[in-house]
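Participant: Pasted the sequence and its predicted model underneath.
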Amino acid sequence: MNKKLFFIPALAIGMLLGNLAHAQDNDEIVPVYRWFSKVDRNYITVVEDEYQEGQMLNWNWGDKTLLFYAYRNPGPNRVAVYRWFNPTTKDVVTIAEDEFTDDQMLKMGYKEKSIQFYAPTRRDNNRVAIYRWHIPKTKDWVTIPEEGTTDLYYKKGYNKKTFQFYGIKRSVDEGIYQQSL
């Protein structure tokens, strides 16, 4: 009986310390979502807290889908990922820093460059390749993980699949990262 009384508090303390360690990692990790606009028939990639959810819904964005996780801050083996906006086509695209130069983006009509997150540049455990797909007809871009429903996008006319970076998968331990302390 005494062993059980010791074991339960020890287990609770171990879990608390583990959760604190994960909470520290959580400050660095940020979820990345895809939203869809039925009005513009367009996709947008948004980092948590980039916009308030109420704003997104008010702007007619819906179908929020978790894509992957990324880093909030720069670090080794990470690439900066930016959001660009094209006022003519109303397209919003997520572009890694080495995909296009700023001059190329400006020539394509994109403006309002802003940092979104930092993504891993190397494949590793718990990583997923992220690709950008393009529809030439509407000049729309979508960012999706390799594990996404790519056939759906191909049927909608998306092609020109291009590797962008790696995302962090958190499906196994997502519940730990979502806990409040």
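Facilitator: Sure thing, it's come through.

Participant: Please, where are all the strands along this structure?
Facilitator: 29-37, 42-47, 61-71, 78-86, 91-96, 111-120, 127-135, 140-145, 159-168 (DSSP state E).

Participant: need the contact list for residue 47.
Facilitator: 30-33, 70, 116-117 (C-beta atoms under 8 Å, 6 or more residues apart in numbering). In short, each C-beta sits where N, CA and C put it, glycine included.

Participant: Quick one: buried ones out of those?
Facilitator: Applying 16 or more other C-beta atoms under 10 Å to those, the neighbour count classes 30-33, 70, 116-117 as buried.

Participant: How far off centre is stretch 86-104?
Facilitator: Computed by C-alpha atoms, centre = their mean, to the nearest Å, the separation of stretch 86-104 from the middle of its chain amounts to 16 Å.

Participant: What mean pLDDT does it get?
Facilitator: The average pLDDT within stretch 86-104 is 90.

Participant: Quick one: residues in contact with that stretch.
Facilitator: Taking C-beta under 8 Å, 6+ apart as the rule, stretch 86-104 contacts 40, 42, 44-45, 79-85, 105, 108-111, 113, 116, 119, 132, 138-141, 143, 162, 164-165.

Participant: What distance do you get for the spatially most central residue of the chain to residue 107?
Facilitator: With distances taken as C-alpha atoms, centre = their mean, the chain has residue 32 as the residue nearest its mean C-alpha position (2.5 Å). Distance of residue 32 to residue 107, computed by C-beta to C-beta, to the nearest Å: 27 Å.
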